[in-house]
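Colleague: structure for the following, please:
(one chain, ligands or ions: 1)
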Amino acid sequence: MQLVRKLIVGNWKMNGTLPEAQSLIRQITADKPWPKNTDNPPLVVLCPSHPMIHPVAMMLDGYDWLTIGAQDCYTQDIGAFTGDVSAMILQSLGVKYCIVGHSERRRLHNETNQVIAQKILCCQKRQITPILCIGETIDERNKGATSAVLEQQLQESLNFEVTNVVSSLVVAYEPVWAIGTGKIPSKQEIIFAHQHIRKIIMQHHLYRRITPVILYGGSVKPDNAAEIVCGDGVDGLLVGGASLKASDFRNIIAACIQ
Ligand code: PGA
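Modeller: Numbering: from 1, shown residues only. Predicted coordinates for the structure are as follows:
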């Protein structure tokens, strides 16, 4: 099902100081990034690093097209877990979305689908919409294993057997080989992956009553955003590098008005 309102997530990763973040937001919000008469502006989620969530959330307050997200959360709500941040804490800061299972966390922090499943449950318990990132590596793609990899990541990280709290879900299809490389799959490949992901989710009875939002991520730029986002079943974009440059990000947002 095609969503009317596109969702655009800006993943700042570990970039920018607080003054730089404030300046970026001032530029993004200088005026609306889209032409005047739009009935269905996209919803834009900004995901700064954890210490900047509160000040950034304060700056976004009052905008109906901007909201605050986080880049990760821990698998527990509370306790002796030095350096970690729980979904419960994020909720108290007003966080509405949380990226979970980004390929950088899978690779650099050894996050498994089972750990990711716990994080998704924590988010759902706290009314935070998880943005589950899945995608194949270049080796898996070359072996023709993309569909199987996506299916396994979904089955294991959505914890299909035990989940009983399901509110809302965003899945971001992010081929690992496309992240930060300037390379992207063909439009047909993106559409096929989105259809495949939607089919797997909708086959599960726990998820049948929610409408999953499915995004594409990986080297989204102003010059490819419109083409990607108009693909059948593509509900929006997850943007890394290009979300750090106000003019690029504004152009990507504008490209999502169709
Ligand atoms: P990129 O990153 O847009 O810089 O490729 C996307 C991501 O890592 O989510």
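Colleague: quick check: residue 21 vs residue 140, distance?
Modeller: Using Cβ to Cβ, to the nearest Å, we find residue 21 at a distance of 35 Å from residue 140. All C-beta spots, glycine's among them, are computed from the backbone N, C-alpha and C.
Colleague: how about residue 194?
Modeller: Computed as Cβ to Cβ, the residue 194 to residue 140 distance reads 18 Å.
Colleague: so between the two, which is more surrounded?
Modeller: A count of neighbours by other Cβ atoms under 10 Å puts residue 194 above the other of residue 194 and residue 140, at 20 against 17.
Colleague: close to the ligand, is the helix or strand harbouring that one?
Modeller: Assigned by DSSP states H and E, residue 194 belongs to helix 187-203. No: using Cβ under 6 Å from any ligand atom, helix 187-203 stays clear of the ligand, coming no nearer than 13.8 Å.
Colleague: so for that helix, what's the average pLDDT?
Modeller: Across helix 187-203, pLDDT averages out at 94.
Colleague: so which elements touch that helix?
Modeller: helix 146-157, strand 170-173, strand 213-217, helix 222-229 (3 or more Cβ pairs under 8 Å, 6 or more residues apart in numbering; DSSP states H and E).
Colleague: how many other residues sit next to the residue nearest to residue 68 when sequence neighbours are not counted?
Modeller: Nearest residue to residue 68, sequence neighbours excluded (Cβ to Cβ, 6 or more residues apart in numbering): residue 57, at 4.2 Å. Neighbourhood size, residue 57 [other Cβ under 10 Å]: 19.
Colleague: ditto for residue 80
Modeller: When neighbours are counted by other Cβ under 10 Å, residue 80 comes out with 6.
Colleague: what of residue 209?
Modeller: 7.
Colleague: please apply the same query to residue 200.
Modeller: When counting by other Cβ under 10 Å, one arrives at 21 neighbours for residue 200.
Colleague: list the contacts of the residue nearest to it when sequence neighbours are not counted.
Modeller: Using Cβ to Cβ, 6+ apart and skipping the chain neighbours, the partner closest in space to residue 200 is residue 154 (5.1 Å). By Cβ atoms under 8 Å, 6 or more residues apart in numbering, the contact list for residue 154 reads 132, 134, 171, 197, 200-201.
Colleague: same check, this time on residue 158
Modeller: 117, 120, 132, 169, 201, 204, 207.
Colleague: the second one - how many residues pack around it?
Modeller: Pointing back at residue 120 there. The number of residues near residue 120, taken as other Cβ under 10 Å, comes to 27.
Colleague: not counting residues beside it along the chain, what's closest to residue 179?
Modeller: Nearest residue to residue 179 in three dimensions, chain neighbours excluded: residue 218, at 4.9 Å (Cβ to Cβ, 6+ apart).
Colleague: try residue 228
Modeller: Spatially, and ignoring its direct neighbours in sequence, residue 228 is nearest to residue 216 (5.3 Å; Cβ to Cβ, 6+ apart).
Colleague: residues near that neighbour, how many?
Modeller: Neighbours around residue 216, by other Cβ under 10 Å: 31.
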